[in-house]
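1. Next comes the sequence, and after it the predicted model I'd like to discuss.
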Amino acid sequence: DLSEEKLAVARDFGATHTLTPSAELAEEIQGLTGGGAAYAFEAIGRVQTIESLPSLIAPGGKAVIVGLPPEDSPVSIDALLLAESGKSLIGSNYGSTVPGRDFPRLAELYLAGRLPVDRLISHRIGLEEVNEAFNAMRRGERARSVIVF
């Protein structure tokens, strides 16, 4: 991520390393993992980081696109690199959830104190503040804003 606030949240939730996109990102990950990550997740929707995914994973690794780039933002991927190294690129929209199955389980985990959703919420806003919340999101600010009616 580009946001220090979001990286701090990741560390608070147990991330062992936090890296920011840079020209040396692939080399940093290669060094940390000894050859590339088994799984890499792009969760911010930046075209540049999506395009870098194949270089971040080890042979046989999986890269997951979670963040959605703006519409009409084509992404260039070296298909030969994926095919020759047995790497996979997959998409995950909304966590590939099945709401009828997953929402009750998530609610159970939350109510049991095992899913600390409250710690992910950085701002509680009124409906009249929704436009500013979207602007903050576009600027890469805030962990999560939740509308309180």
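-> Yep, that arrived. None of these values were measured; they are calculated from a predicted model. Numbers count the residues shown, from 1 in each chain.

2. Gly45 is in contact with Leu68, correct?
-> Yes - when contacts are counted by CB atoms under 8 Å, Leu68 is listed as touching Gly45 (4.9 Å). To be clear about C-beta, it is placed using only N, CA and C from the backbone, and glycine gets the same treatment.

3. Outline the domain layout of this structure.
-> 4-96, 106-147 (the TED database).

4. Could you identify which of those domains is most buried?
-> Taking mean count of other CB atoms under 10 Å as the contact definition, the stretch among the domains of the chain with the greatest mean neighbour count is domain 4-96, which reaches a mean of 14.

5. okay, how far is it across it, tip to tip?
-> Start-to-end span of domain 4-96 (CA to CA, to the nearest Å) is 27 Å.

6. Could you pull up phi and psi at the nearest residue to Gly86 once chain neighbours are set aside?
-> Taking CB to CB, 6 or more residues apart in numbering, and ignoring the residues beside it in sequence, Gly86 has Gly60 as its nearest neighbour in space, at 4.7 Å. Backbone torsions for Gly60, taken as degrees, to the nearest 10, come to phi 80, psi 0.

7. residue contacts, Gly60?
-> Counting by CB atoms under 8 Å, 6 or more residues apart in numbering, Gly60 makes contact with 38, 85-87.

8. what's the spacing between it and Tyr39?
-> Using CB to CB, to the nearest Å, one gets 11 Å for the distance from Gly60 to Tyr39.

9. now swap in Thr20 and tell me
-> Using CB to CB, which is the criterion applied here, Thr20 is 19 Å from Tyr39.

10. same thing with Asn131?
-> For Asn131, the distance to Tyr39 under the criterion CB to CB works out to 35 Å.

11. And Glu24, what's its pLDDT?
-> Looking at Glu24, its pLDDT stands at 86.

12. Phi, psi for it please.
-> The phi and psi values for Glu24, taken as degrees, to the nearest 10, are phi -100, psi 10.

13. in the chain, which spans are helices?
-> With DSSP state H, the ranges of helices along the chain come out as 4-12, 25-33, 47-56, 79-85, 99-111, 130-138.

14. Ser122: which of the ones you listed is closest?
-> The minimum distance between Ser122 and the helices of the chain falls on helix 4-12, with 7.1 Å, by CB to CB.
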